[in-house]
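[1] this one's sequence-less:
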DNA sequence: GTGAAAGCGCTAACAG
DNA sequence: CTGTTAGCGCTTTCAC
């Protein structure tokens, strides 16, 4: 019997009606033990596996969710994904994973593809926070939760990291060590993380009465290359910074490579604090001080919120969570 | 109109029959332009999105695949996944991603879950190469391709890396530099990569007339911790090795941490070659020599093979590919 | 306890 | 060119 036993086949084999088979498949009880045994046996003999598509047509739910991120290669997202996937599996869900390469168009297509397949909900780190491309999606009112990047114009749940606070702590640390010329390599200002980390930077400067200098703000694009290039720009300044705050894992990597290349000595000529506690952090000499955020927890929480939305159909207000990052002090910042 | 416009709704709105709507949805032509225009408009007005479940019931195909890996957190797999996902999307497929945490049972459940949902094919890095737990799956004869770990007893396509060769090159390099006490921290011998890299190690030793010493073989489990622990064992040997070959990214990381901890100086007291070119490699001092494998290409090829299987229904023999790893020589091996 | 039958939304003959 | 209709595999009343 090849890969297509249906509930019909099982019913025939067990000598009962499909209704009865359906009952035992779904554990609804009300079936005589002997009958049930026959059915169970038939199921095994035929290696019957139920067909979710057919089931979906009646019950609506697919027990399937979509996870859409800008870049699968960036280690940050798989970590978030691992949190999502684990919780999802526990609840009998299974997750699609798609990368958009930061393209709004791809994001739109992926989302459409997901809707077609009837996902019960979606966890999204959008490529475009203004979210206009999502209207079509919203109309279908499928639960959606935004992770890491916000969707300010949409009534959806958010799971973010307190970026402002993380940046503030980093800069504060630097200031308290006596630095006054502090640069920030921040992410795209069109993204929440990009913007908020810059805000935290400014707030710290302001609170400690340090002046703000445009030249010390370089806007990268979260890529390693942009981190690398930014350091180059900083290095040739008349008054180069004595400390640099890099705003994500990849840019930190790029920054460190550039430093190495320029012989601009980490922890001696220049202090550095990175965002995200990457493997690398404990390997460079001196070890890197970083702002660490709980990636897996981010994913777990995101799934939990989504799951709640899926279960209780009634409308509840938009919910926002900001997980706290933690400053892990190591050796890459010297007293000035 | 809320999220459930059907082909019926569209037909009514456009004043035609569902068959005609179906025709334009599927671009089959043979519809008068004016009619088509009316339908297209109706589709937009209703924000109609076709229902894959219903469609699947007729056509069978879901344009959906499953990707099952042992550990989502291990950066290796997301990289492979990115290759898969990109190619898949190009072909209109979308991929489920699941981690099994190296558990055969979880793998089985995940696979079942995937079959229920009608995936057209699966790309699998199995937790158990003997593959007995896969029989149920095979019966459904859904195309399957094994990546990174083989399934010797099954008639499925394989996409592997030439592990033997990669290890051989590494050990050869070490030997040519004069090392005679070379240790290997290998993966579980129950896995192809674990076994083959050890074989390459032995072959090189043999070819260069070096004796094989049990004590220099430590079997890890591909985790960072096991790499760390292995170094501890090696360090206390009466005659510690002068070179270590670590067999995957995580164990390399663990090894480097242990070295650092023991003050066993990389490149001076001990030479190291790692498997996989991780970020870390270029940051430790001295920079790490590694065997690098093309992860993304692995994923791309895997999807291509799977896709071919899905398309041409006729049976073709088992195909095996071994992509070549590359020895990237940096500074972590000194002349002996 | 169990079965018959009505769809779920869509595709694909088959008619007209 | 367009409409009618028969299922795809399953869940779910409603009878018996």
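    Nice, I can see it. Quantities reported herein were computed from a predicted structural model and do not represent experimental measurements.
[2] what residues does the stretch 151-300 of chain A have near chain B?
    A:253, A:256, A:257, A:260, A:278, A:279, A:280, A:282, A:283, A:284, A:285 (C-beta under 8 Å from any C-beta of the partner chain). Where you see a C-beta, it was placed from the backbone N, CA and C, and this is true even at glycine.
[3] ok, now which ones touch the fifth one?
    By that I understand residue A:278. Neighbouring residues of residue A:278 by C-beta atoms under 8 Å, 6 or more residues apart in numbering or on different chains: A:75, A:249, A:252, A:253, A:290, B:279.
[4] can you check the last one too?
    Residues in contact with residue A:285 (C-beta under 8 Å, 6+ apart) are A:266, A:267, B:285.
[5] out of the residues you listed, show me where the pLDDT dips lowest.
    Of all the contacts of residue A:285, residue B:285 carries the smallest pLDDT score, 85.
[6] circling back to that earlier point, as TSV, the contacts of residue A:285 with secondary structure and distance to DNA strand D would be great.
    What follows is the contacts of residue A:285, written out as TSV (DSSP: H, G, I helix; E, B strand; the rest coil; distance: C-beta to the nearest atom of the strand, whole Å):
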residue	secondary structure	distance to DNA strand D
A:266	strand	60
A:267	coil	62
B:285	coil	60
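[7] now, which of the contacts of residue A:278 lie within helices?
    The helices, defined by DSSP state H, take in A:249, A:252, A:253 from the contacts of residue A:278.
[8] and of those residues, the nearest to DNA strand C?
    residue A:249 (42.0 Å; C-beta to the nearest atom of the strand).
[9] just the buried residues of the residues of the stretch 151-300 of chain A next to chain B.
    A:253, A:256, A:257, A:260, A:278, A:279, A:280, A:282, A:283, A:284 (16 or more other C-beta atoms under 10 Å in any protein chain shown).
[10] quick one, domains of chain A?
    A:7-48, A:61-161+A:296-324, A:163-293 (automatic domain parsing).
[11] quick one, which of these is nearest to residue B:274?
    Minimum separation from residue B:274 across the domains of chain A (C-beta to C-beta) falls at domain A:163-293, 12.6 Å.
[12] could you tell me the end-to-end distance of the closest one?
    9 Å (C-alpha to C-alpha, to the nearest Å).
[13] next: stretch A:281-295.
    Across stretch A:281-295, first to last residue, C-alpha to C-alpha, it's 16 Å.
[14] so what pLDDT did the residue of chain A found nearest DNA strand D get?
    Of all residues in chain A, residue A:7 sits closest to DNA strand D, at 2.7 Å by C-beta to the nearest atom of the strand. Predicted confidence (pLDDT) for residue A:7: 95.
[15] is there any residue in the helix or strand harbouring residue A:136 that contacts chain B?
    Element membership for residue A:136 (DSSP states H and E) is helix A:135-139. Yes. Using C-beta under 8 Å from any C-beta, helix A:135-139 reaches chain B at A:136, A:139.
[16] quick one: average pLDDT of that helix?
    Here the average pLDDT along helix A:135-139 is 83.
[17] give me the contact list for that helix.
    So helix A:135-139 is in contact with A:108, A:111, A:112, A:115, A:122, A:144, A:154, B:2, B:3, B:47, going by C-beta under 8 Å, 6+ apart.
[18] give me that answer again for 7 Å
    A:111, A:115, A:154, B:3, B:47 (C-beta atoms under 7 Å, 6 or more residues apart in numbering or on different chains).
[19] return the subset of those residues lying in helices.
    Those of these lying in helices (DSSP H): A:111, A:115.
[20] could the contacts of helix A:135-139 go into a markdown table alongside neighbour count and distance to DNA strand D?
    Formatted as a markdown table, those follow (neighbours: other C-beta atoms under 10 Å in any protein chain shown; distance: C-beta to the nearest atom of the strand, whole Å):
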| residue | neighbour count | distance to DNA strand D |
| --- | --- | --- |
| A:111 | 26 | 25 |
| A:115 | 22 | 20 |
| A:154 | 20 | 31 |
| B:3 | 13 | 20 |
| B:47 | 17 | 21 |
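[21] and the nearest residue to residue A:124 once chain neighbours are set aside, what does it touch?
    Leaving out its chain neighbours, the residue that sits closest to residue A:124 by C-beta to C-beta, 6 or more residues apart in numbering or on different chains is residue A:68, at 4.8 Å. Taking C-beta under 7 Å, 6+ apart, we find residue A:68 in contact with A:98, A:100, A:107, A:110, A:111, A:122, A:124, A:125.
[22] quick check: next helix or strand after whichever strand or helix holds residue A:68?
    Per DSSP H and E: residue A:68 is located in strand A:64-69. Proceeding N to C from strand A:64-69, the next assigned helix or strand is helix A:76-90, under DSSP H and E.
[23] which elements pack onto that following helix?
    Using 3 or more C-beta pairs under 7 Å, 6 or more residues apart in numbering or on different chains; DSSP states H and E, the elements in contact with helix A:76-90 are strand A:64-69, strand A:94-99, helix A:295-311, strand B:94-99.
[24] need the contact partners of stretch A:119-130.
    Residues contacting stretch A:119-130 (C-beta under 7 Å, 6+ apart): A:61-70, A:84, A:96, A:100, A:102-104, A:107, A:111, A:114, A:142-153, A:190-192, A:302-303, A:306, A:309-310.
[25] which residues does residue A:240 contact?
    residue A:234.
[26] that one belongs to a helix, doesn't it?
    No. With DSSP: H, G, I helix; E, B strand; the rest coil as the criterion, residue A:240 is coil rather than part of a helix.
[27] and it, how far is that from residue A:181?
    7 Å (C-beta to C-beta, to the nearest Å).
[28] please apply the same query to residue A:144.
    Residue A:144 is 43 Å from residue A:181, by C-beta to C-beta.
[29] those two: who's more crowded?
    Neighbours were counted for residue A:144 and for residue A:181 using other C-beta atoms under 10 Å in any protein chain shown; residue A:144 has more, 24 against 19.
[30] what about the residue lying closest to the more buried one once chain neighbours are set aside, how many residues nearby?
    Nearest non-adjacent residue to residue A:144, counting by C-beta to C-beta, 6+ apart: residue A:156, 4.6 Å away. Number of residues near residue A:156 (other C-beta under 10 Å) recorded here: 22.
[31] contact residues of chain A facing DNA strand C?
    Contact residues, chain A versus DNA strand C (C-beta under 7 Å from any atom of the strand): A:15-20, A:23, A:30-32, A:34-36, A:54, A:57-58.
[32] run the last query once more with 10 Å
    Within chain A, the positions adjacent to DNA strand C are A:7, A:11, A:14-24, A:28-36, A:38-39, A:53-60, A:116, A:118 by C-beta under 10 Å from any atom of the strand.
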